[in-house]
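S.K.: show me the folded form of this:
(one chain, ligands or ions: 1)
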Amino acid sequence: MKTISILGSTGSIGTQSLEVARKHNFKIKALAAYSNCELLAKQAREFHPEYVCIFKEELADKLHQLLDNGKTKDTVILTGMEGLTAIARLDGVDIMLNSVVGMVGLEPTLAAIEHGTDIALANKETLVAGGALVMKAAAEKGVNIYPVDSEHSAIFQCLQGNKRSQLNKILLTASGGPFFGRSKKELEGVTVDQALAHPNWSMGKKITIDSATLMNKGLEFIEAMWLFDLTPEQIEIVVHRESVIHSAVEYKDHSIIAQLGVPDMKIPIQYALLYPDRFDCPTKPLSLADLGTMTFARPDQDTFDCLTACIKAISLGGTMPAMVNGANEAAVAAFLDRKIQFLDIGRIVSSVIDRFVPEQVNSLEDVLNADRRARAFACEQIDKLSR
Ligand code: MG
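M.R.: Prediction:
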């Protein structure tokens, strides 16, 4: 039986992680959510964590009432970034699952590493923005980072039992999102609802928009470079519409090893939490015969600016990936608020590369600064566009 903490427990990854936890009788040390008090309180009543954290401080009283803590006082309520980092520093946790959305995940990740706690990482922005800091700190502390992202879990699984030095490249698969095959012209005026309708995966809003713009694949490209110590040339993106092959690796002998399964995040979540064990998972098995065919294609980098911007950003290095990510977070929020058009997201993300020069990343402050500057620049453009 493992003891885990979950940051982002009310989101898509968080709720599925609790299904896995329920199945395998994990002990839950702490749960944290952004603003969904009702669900967090419900989870706390079922799993009895010692600590809960609601990121939005103004909701602490409401959570207190929902938990009926006036009478029982058995759960410590924390708030804000302080709460998240306090959870990351708790003793007696085998693994902390970080599934918060966005750059907010970086500080708790660094805090858990500092404390020596292994991490199941579902927050890709952590590595995109702070990869240099995170990987260096993890190596120094001997902390394991288990990928939860389905593609990176697949790559991690395909690397087991083989020599890392004999790897040629990885094949990062992409569903292509809801707008695969469309030209830029055809993407003018697509609505928020159209962008939120992903063909294969059911996910949170931010990542679903990122999948529609292919920003998600760009972020995953950067994430893979950090996790597996790769050069950009060692990553080939392959569009695979069925989302059954979750990624693959090619070795020197030209053997390709892939990981397959139904598109259900509980498989990579469970692998990260139970590594190296493989027990029954609360998902359907995959039937290849029922599936019949699998298709593959090259990504369209001319149409999807965000993907191109991410690859450029990591090639430039330093603070540039953090800036591209920060601009994207601001742009996606504005698109969801219906302030800008779908194609504006790609324009804003790309503009950061022309506007700024990358600087070296030596500290968390460098990353946070770069993020702030990029967001401010993105917000100026959003203001102009929404006028
Ligand atoms: Mg993914």
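S.K.: number of residues surrounding the residue in the stretch 151-300 of the chain that the ion sits nearest to?
M.R.: Per CB to the ion, Glu151 is where the stretch 151-300 of the chain lies closest to the ion, at 4.7 Å. C-beta here means a position set from N, CA and C on the backbone, and glycine is covered the same way. When neighbours are defined as other CB atoms under 10 Å, Glu151 has 28 of them.
S.K.: and the ion, is the helix or strand containing Thr208 touching that?
M.R.: Using DSSP states H and E, Thr208 maps to helix 205-213. No. Remark: helix 205-213 sits outside contact range of the ion, by CB under 5 Å from the ion, the gap being at least 7.8 Å.
S.K.: buried residues, stretch 40-52. List them.
M.R.: 40-41, 43-44, 47, 49-52 (16 or more other CB atoms under 10 Å).
S.K.: pull the number of nearby residues for whichever residue of the stretch 51-200 of the chain sits closest to the ion.
M.R.: When scored by CB to the ion, the stretch 51-200 of the chain has Asp149 as its residue closest to the ion, at 4.3 Å. Using other CB under 10 Å, Asp149 is surrounded by 27 other residues.
S.K.: for burial, what's the neighbour tally of the closest residue to Ile382 other than its chain neighbours?
M.R.: Leaving out its chain neighbours, the residue that sits closest to Ile382 by CB to CB, 6 or more residues apart in numbering is Ala334, at 4.5 Å. The local packing of Ala334 (other CB under 10 Å) involves 22 other residues.
S.K.: now do Ile54
M.R.: 28.
S.K.: I'd like the next helix or strand past the helix or strand where Arg347 lies.
M.R.: If you go by DSSP H and E, Arg347 is part of helix 342-355. Moving toward the C-terminus from helix 342-355, the next helix or strand (DSSP H and E) is helix 364-386.
S.K.: what packs against that following helix?
M.R.: Secondary-structure packing of helix 364-386 (3 or more CB pairs under 8 Å, 6 or more residues apart in numbering; DSSP states H and E): helix 106-115, helix 124-141, helix 320-336, helix 342-355.
S.K.: name the residues that touch the helix or strand of the chain with the lowest mean pLDDT?
M.R.: Ranked by mean pLDDT, DSSP states H and E, the weakest helix or strand in the chain is helix 69-72, scoring a mean of 71. By CB atoms under 8 Å, 6 or more residues apart in numbering, the surrounding residues in contact with helix 69-72 are 64, 75, 77.
S.K.: just the ones of these in helices?
M.R.: Among the contacts of helix 69-72, the ones falling in helices (DSSP state H) are His64.
S.K.: who wins for most neighbours among the contacts of helix 69-72?
M.R.: Within the contacts of helix 69-72, Thr75 tops the neighbour count with 21 neighbours, counted by other CB under 10 Å.
S.K.: tell me how many other residues crowd Asn328.
M.R.: 32.
S.K.: begin at 58 from now on, thanks
M.R.: Understood, numbering begins at 58; the last thing we discussed is Asn385.
S.K.: right, and it touches Arg404 too?
M.R.: No. Assessed by CB atoms under 8 Å, Asn385 is found out of contact with Arg404, at 11.5 Å.
S.K.: overlap in contacts, the two.
M.R.: Common neighbours of Asn385 and Arg404, counting by CB under 8 Å, 6+ apart, are absent.
S.K.: show me the two of the buried residues of stretch 97-109 that sit farthest apart.
M.R.: Ala98 and Glu107 (15.0 Å; CB to CB).
S.K.: turn the buried residues of stretch 97-109 into JSON lines, columns for distance to the ion and pLDDT.
M.R.: Shown next, in JSON lines, are the buried residues of stretch 97-109 (distance: CB to the ion, whole Å; pLDDT from 0 to 100):
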{"residue": "Leu97", "distance to the ion": "25", "pLDDT": "98"}
{"residue": "Ala98", "distance to the ion": "30", "pLDDT": "96"}
{"residue": "Gln100", "distance to the ion": "24", "pLDDT": "97"}
{"residue": "Ala101", "distance to the ion": "29", "pLDDT": "96"}
{"residue": "Phe104", "distance to the ion": "26", "pLDDT": "97"}
{"residue": "Pro106", "distance to the ion": "27", "pLDDT": "97"}
{"residue": "Glu107", "distance to the ion": "31", "pLDDT": "97"}
{"residue": "Tyr108", "distance to the ion": "29", "pLDDT": "98"}
{"residue": "Val109", "distance to the ion": "28", "pLDDT": "98"}
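S.K.: does the residue nearest to Ile439 touch Gln438 like I think?
M.R.: No. Contact criterion CB under 8 Å: Ala391 and Gln438 do not qualify, at 9.2 Å.
S.K.: shared neighbours, the two?
M.R.: Asp401.
S.K.: now Glu76: how far from Glu139?
M.R.: Distance of Glu76 to Glu139, computed by CB to CB, to the nearest Å: 29 Å.
S.K.: between the two, which has more neighbouring residues?
M.R.: Glu76 (16 against 12).
S.K.: got the residues of the stretch 208-357 of the chain near the ion?
M.R.: So the stretch 208-357 of the chain meets the ion at Glu208 (CB under 5 Å from the ion).
S.K.: just the helices in the stretch 208-357 of the chain please.
M.R.: Assignment of helices within the stretch 208-357 of the chain using DSSP state H, counting those that start in this stretch yields the ranges 241-244, 249-252, 262-270, 272-285, 323-331, 345-348.
S.K.: mark out where each domain of the chain begins and ends.
M.R.: Using automatic domain parsing, the domain parsing of the chain gives 60-205, 206-357, 374-444.
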